[in-house]
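Engineer: heads up, no residue letters with this:
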């Protein structure tokens with residue numbers, strides 16, 4: 001059996017498609033997948049029209065790459081990928097709107113609010129401890145609250 005298949009252009013294009021697909025998984029950017037598709041089509045054409053000159057293979061790959069990118073761009077324009085939560089890594093911004101309780105009373109506009117298993121310094125109207133409050137803003141590590 002040996003390594004004779006390495007000299008086969010179709011196998012080389014299939015290997016390129018596989019490597020591009022793996023690279024897309026390793027470094028997701030939704031672009032290499034289109035080149036992988038073009039390499040796979042070029043492999044199929046190389047097998048179907050063997051022997052296909054190298055120049056023709058490269059032109060085929062280039063044309064299919066352009067086609068795949070055009071189709072892919074249109075697909076993503078027509079069916080956009082749902083965005084994630086833009087506040088995903090902003091813990092403070094995620095607190096806004098949360099209803100919680102005061103850990104310590106707000107006296108003269110200052111107190112502490114319970115958030116999850118911790119607490120944050122709070123500003124707001126004077127309220128007794130354990131009052132239910134809604135977080136309306138977060139600035140410099142201090143939450144602003146209003147009575148819920």
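Structural biologist: Arrived safely. Values in this document were obtained by computation on a predicted structure and should not be read as measured data.
Engineer: Tell me which residues of the worst-scoring helix or strand of the chain on mean pLDDT come out buried.
Structural biologist: Taking mean pLDDT, DSSP states H and E as the measure, the helix or strand of the chain with the lowest value is helix 91-95, at a mean of 81. Residues of helix 91-95 classed as buried: 92, 95 (neighbour count, 16 or more other Cβ atoms under 10 Å). For every residue, glycine as well, the C-beta is placed using N, CA and C.
Engineer: After it, which helix or strand is next?
Structural biologist: strand 99-107 (DSSP states H and E).
Engineer: contacting residues around that next one?
Structural biologist: Strand 99-107 has contacts (Cβ atoms under 8 Å, 6 or more residues apart in numbering) with 111-115, 119, 122-135, 145, 148.
Engineer: by how many degrees do the helix or strand just after that strand and strand 99-107 diverge?
Structural biologist: Following strand 99-107 in sequence order, the next helix or strand is strand 110-115 (DSSP H and E). Per axes from the mean of the first three to the mean of the last three Cα atoms, to 10 degrees, the angle that strand 110-115 makes with strand 99-107 is 160 degrees.
Engineer: got the contact list for strand 110-115?
Structural biologist: 95, 98, 100-105, 119-124, 127, 129, 133, 135, 143, 145.
Engineer: If we use 7 Å, what do you get?
Structural biologist: Strand 110-115 is contacted from outside by 95, 100-105, 119-123, 133, 143, 145, using Cβ atoms under 7 Å, 6 or more residues apart in numbering.
Engineer: Check stretch 22-35 too.
Structural biologist: By Cβ under 7 Å, 6+ apart, stretch 22-35 touches 20, 21, 36, 65, 68, 69, 72.
Engineer: go on, stretch 49-60?
Structural biologist: Taking Cβ under 7 Å, 6+ apart as the rule, stretch 49-60 contacts 9, 42, 45, 46.
Engineer: min pLDDT across those residues, which one?
Structural biologist: Minimum pLDDT for the contacts of stretch 49-60 is recorded at residue 9 (83).
Engineer: wait, that one sits on residue 46?
Structural biologist: Yes: Residue 9 is within contact range of residue 46, at 4.7 Å (criterion: Cβ atoms under 7 Å).
Engineer: okay, these two: which has more neighbours?
Structural biologist: Comparing residue 9 with residue 46 by neighbour count (other Cβ atoms under 10 Å), the higher total belongs to residue 46, at 23 against 18.
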